[in-house]
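Below: sequence and its predicted model.
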Amino acid sequence: MQSRREVPPRKLAKQIAIASASCGVFGREGYARASVDALAAAAGVSTRTLYNHFPGGKAELFRTVVAWTSGEVRDAQIAKMNGLLDAERPPRPADLERDLVALARAFVALMAEHPDHFALVRHIHAEADHVPPEVLQTWKEAGPGPVGRALADAMTSLAAAGLLDLHGDAALAGAHFMALTSHSIVQLTHYGVLTLSAQETDRQITGGVAAFLRAYRAA
């Protein structure tokens with residue numbers, strides 16, 4: 001969608017309504033299977049109206065939805081990381097494991113808070129060879145890229161506080177943290193499609209954080 005300054009309010013509201021309705025269709029059907037007719041029907045508009053707002057058709061609409069939902073989840077994840085590095089409560093060795101477990105739990109909880117987004121991401125991974133390259137790039141730039149950089153910054157701050165030894169690669173340490181905690185649950189639940197018990201979720205998170213600290217806790 002264009003910026004708010006460029007689009008009249010009524011047109012912007014219509015674009016948002018179409019994108020919101022399309023998010024659910026893309027989340028259920030994926031990119032390849034979702035038809036323009038189904039997307040228009042979900043939004044309660046004609047296909048002509050859809051193309052008037054998104055001249056690039058399905059690809060442009062999917063790119064818009066991916067950027068929008070990725071931005072929402074990105075902002076939520078970065079807010080969780082900022083909470084971990086609260087300037088009023090500097091990180092302490094005694095709190096490190098507890099704080100990392102809390103961060104991982106907060107990341108996992110976002111699957112339930114943003115189910116349509118994680119359904120979209122599941123389809124992006126499954127249909128990577130069918131999704132337009134510009135859509136994949138938009139997703140990376142809107143979500144995984146900024147989140148990865150923010151997590152690397154958070155790891156660097158913990159290292160500066162003497163709590164972690166990043167072995168010279170903050171980005172890799174952040175990737176390992178995600179892989180050992182939230183990503184393992186994403187895979188087990190197929191991006192939230194399946195239910196994981198609270199006990200198993202806790203086991204995955206606490207075990208993942210413990211493994212991360214065995215590799216990265218400062219001596």
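On my side now, so go ahead.

chain center to whichever strand or helix holds A171: distance?
Applying DSSP states H and E as the criterion places A171 in helix 170-180. Mean-position distance between helix 170-180 and its chain equals 15 Å (C-alpha atoms, centre = their mean, to the nearest Å).

And for stretch 202-210?
With C-alpha atoms, centre = their mean, you get 20 Å for stretch 202-210.

Identify each buried residue in that stretch, please.
By 16 or more other C-beta atoms under 10 Å, the buried positions in stretch 202-210 come out as 204-206, 208-209. Glycine gets a C-beta too; all of them are placed from N, C-alpha and C.

re the thing from before, if you count contacts, what does the helix holding A171 end up packed against?
Packing partners of helix 170-180 (3 or more C-beta pairs under 8 Å, 6 or more residues apart in numbering; DSSP states H and E): helix 96-113, helix 144-160, helix 198-216.

and the residue nearest to A215 when sequence neighbours are not counted, what does it touch?
Ranked by C-beta to C-beta, 6 or more residues apart in numbering and with sequence neighbours excluded, the top spatial neighbour of A215 is H176, at 6.9 Å. H176 makes contact with 212, 215-216 under the criterion C-beta atoms under 8 Å, 6 or more residues apart in numbering.

how about a cut-off of 10 Å?
Contacts of H176 were listed using C-beta atoms under 10 Å, 6 or more residues apart in numbering, and they are 155, 166, 169, 183, 208, 211-212, 215-216.

Please report the distance of it from G143.
Note on H176: its distance to G143, by C-beta to C-beta, to the nearest Å, is 19 Å.

In the chain, where is pLDDT below threshold?
For the chain, the stretches flagged by pLDDT under 70 are 1-7, 86-90.

redo that, cut-off 80
Along the chain, the parts satisfying pLDDT under 80 run over 1-8, 83-91.

mind checking the longest helix of it?
Counting by DSSP state H, the longest helix found in the chain is helix 57-84.

S157 reaches P91, doesn't it?
Yes. With contact defined as C-beta atoms under 10 Å, S157 and P91 form a contacting pair (7.7 Å).
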